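*Asks:* Starting from these lines, generate the structure:
(3 chains)
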Amino acid sequence: MATKINQSMSSNRLILPQDFYARETTAVAQEILGKRIVRILPNGTRLAGRIVEVEAYLGIEDPGAHTYGGRRTPRNEAMYGDAGHTYVYLIYGLHHCVNVVTQLRDVPEAVLLRALEPVEGFAEFERTHGHTHPPKWLNGPGKLCAGLNITRAENALPVFDPKSPVFIEDDISISQEDIAIGRRVGIDYAGDAIEWPLRFGVRGNPNLSPTKFD
DNA sequence: GACCAGATGTACT
DNA sequence: GTACATCTGGTCT
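*Replies:* Residues are numbered from 1 along each chain as shown, chains lettered A, B, ... in the order given. A predicted model of the protein is given here:
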């Protein structure tokens, strides 16, 4: 069913092309699992984490999405832009969340990144935040942004561009049977849409966010 | 596991 | 002006 993405043949990882994102959002959400988000800090430090949990937000048809009913504001403008760009916003006045925009221009859909498995560059972070196993500082959408130092300054960046301070590399592919599917978190206001199976995680991965899948 | 306060930008009246 | 949010960490049971 799902399109297979070829695994990288070498350690020299490829960046996922913009085309990867300009597709059906649920397909992107499932296939982005196992891929590697890379953050280059202003001081040149490279951080990377493997994506292990995401949610899909389906634009104007989705009561859980910021763009439900075609709502368009300065905050969510990035969702109306081209595929493969970040959409970063502040939630509850204190946490940032990062999405990757999918679909064609003016189709405001996105994939929310909810949890990462740390892969590169977190030694310093681990020293200051404690080293539990598994680590607890990337297993939630707000913590993920804090861990990668992503704020609204990183809104609308192209993740298919290696010169961007935030981009996504190909890494491993997760097979369909290893993907856990569940309801989305934190959209109690969204009516029936709260039941939609749009949350995807790498089954059994210890770095998933604390909220359990059904 | 359930419950709750916290802090403030954003949207809408 | 006012209500509320794609959350987190702490407390209590």
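*Asks:* close to DNA strand C, is the helix-or-strand element of chain A with minimal mean pLDDT?
*Replies:* Ranked by mean pLDDT, DSSP states H and E, the weakest helix or strand in chain A is helix A:123-129, scoring a mean of 84. No: contact of helix A:123-129 with DNA strand C (CB under 7 Å from any atom of the strand) is absent, the minimum separation being 8.7 Å. (Glycine included, C-beta is placed from N, CA and C.)
*Asks:* Can you give the contact residues for that helix?
*Replies:* When contacts are defined by CB atoms under 8 Å, 6 or more residues apart in numbering, helix A:123-129 is touched by residues A:45, A:47, A:118, A:135, A:137, A:147.
*Asks:* quick one: least confident of those residues?
*Replies:* Of all those, residue A:135 has the smallest pLDDT value, namely 88.
*Asks:* In which helix or strand does the nearest residue to that one once chain neighbours are set aside reside?
*Replies:* Nearest residue to residue A:135, sequence neighbours excluded (CB to CB, 6 or more residues apart in numbering): residue A:118, at 5.9 Å. Secondary structure assigned from DSSP states H and E places residue A:118 in strand A:109-120.
*Asks:* So in that sheet, which strands flank that strand, and in what orientation?
*Replies:* strand A:46-57 (antiparallel), strand A:95-102 (antiparallel) (DSSP bridges).
*Asks:* I'd like those laid out as TSV, including mean neighbour count and distance to DNA strand C.
*Replies:* What follows is these, written out as TSV (neighbours: other CB atoms under 10 Å; distance: least, CB to the nearest atom of the strand, whole Å):
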stretch	mean neighbour count	distance to DNA strand C
strand A:46-57	24	4
strand A:95-102	24	4
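*Asks:* in the least confident helix or strand of chain A, what's buried?
*Replies:* Under the neighbour-count criterion of 16 or more other CB atoms under 10 Å, helix A:123-129 has residue A:125 buried.
*Asks:* wait, does the helix or strand following that helix make contact with DNA strand B?
*Replies:* Remark: after helix A:123-129, the chain's next helix or strand is helix A:141-148, criterion DSSP H and E. No: Helix A:141-148 does not reach DNA strand B (CB under 7 Å from any atom of the strand); its nearest approach is 8.5 Å.
*Asks:* re earlier: selection in PyMOL covering whichever of the contacts of helix A:123-129 are buried, please.
*Replies:* In PyMOL syntax, the buried subset of these is picked out as below (16+ other CB under 10 Å):
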select buried, chain A and resi 47+118+135+137+147
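*Asks:* now, which of the contacts of helix A:123-129 sits nearest DNA strand C?
*Replies:* Checking those against DNA strand C with CB to the nearest atom of the strand, the nearest one is residue A:137 at 7.0 Å.
*Asks:* Residue A:46 contacts residue A:40, doesn't it?
*Replies:* Yes: judged on CB atoms under 8 Å, residue A:46 makes contact with residue A:40 at a distance of 5.7 Å.
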